[in-house]
Each structure stands twice: as structure tokens, then as C-alpha cells.
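**Q** Using only what follows, build the 3D model:
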Amino acid sequence: MQDIPKKRSLTLKGHRTSISLEDAFWSALNDIAGKQTKSISELVEMIDENRGEAGLSSTIRIYILQYYRSQLAAS
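**A** Take a look at the predicted model:
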């Protein structure tokens, strides 16, 4: 199974930026944003505020992993 990262552009804090994620992560990010009634840009902006020195794409992947782990723990 090979899922090549796809680059998409977003506006964060008034600036355009590109993020590379695999389709599975884009889909998960979209699902999470919908459940939180946020746009993808709003969700990524929130993730970005807490990322420190790590790359944004990596931080998003970790956020998604932690989100789904917390969902599993709650069930």
C-alpha cells in the first residue's frame, strides 16, 4: 500500500502555506474538522499554535493519531 503525500494550500493567520499529507490523513483531517464544526484551516491553525519546532505536516499526523487513540480509549 503506497499513499504518496499530496500538497494542498491553506491560509493560516492570513498567510498561504502548503501542507503535504497522504490522502488518508487529508480524509481524517476533514472528518475531525467536521466533528468539531471547524474548517480544515481553522483546525490546522489550532494544531499549528501548539506545534513548537516540529514540522507542520508531522504535527498534523500526530494530532490525528492522538485524536483517534482518544476516541478508542473513550469507547
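
**Q** top helix in the protein by residue count?
**A** The residue-count maximum for a helix in the chain (DSSP state H) belongs to helix 56-74.

**Q** Mean confidence (pLDDT) on that helix, please.
**A** Across helix 56-74, pLDDT averages out at 94.

**Q** which helices and strands does that helix pack with?
**A** Applying 3 or more C-beta pairs under 8 Å, 6 or more residues apart in numbering; DSSP states H and E, one finds that helix 56-74 contacts strand 15-21, helix 23-35, helix 40-49. For the C-beta atoms, the positions are set from N, CA and C on the backbone; glycine is no exception.

**Q** With respect to residue 75, which of these lies nearest?
**A** Among those, the nearest to residue 75 by C-beta to C-beta is helix 23-35 (14.5 Å).

**Q** So which bits of the closest one are buried?
**A** Of the residues in helix 23-35, 25, 26, 28, 29, 32, 33 count as buried by neighbour count, 16 or more other C-beta atoms under 10 Å.

**Q** coming back round to it: can I get the helices and strands packed on helix 56-74 in a markdown table with mean pLDDT?
**A** Converted to a markdown table, the helices and strands packed on helix 56-74 look like this (pLDDT from 0 to 100):
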| stretch | mean pLDDT |
| --- | --- |
| strand 15-21 | 93 |
| helix 23-35 | 96 |
| helix 40-49 | 94 |
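
**Q** For the most centrally placed residue in the chain, which non-adjacent residue is spatially closest?
**A** Centroid check for the chain by C-alpha atoms, centre = their mean gives residue 60 as the closest residue, at 3.8 Å. Among residues not flanking residue 60 along the chain, residue 47 sits closest, at 5.7 Å (C-beta to C-beta, 6 or more residues apart in numbering).
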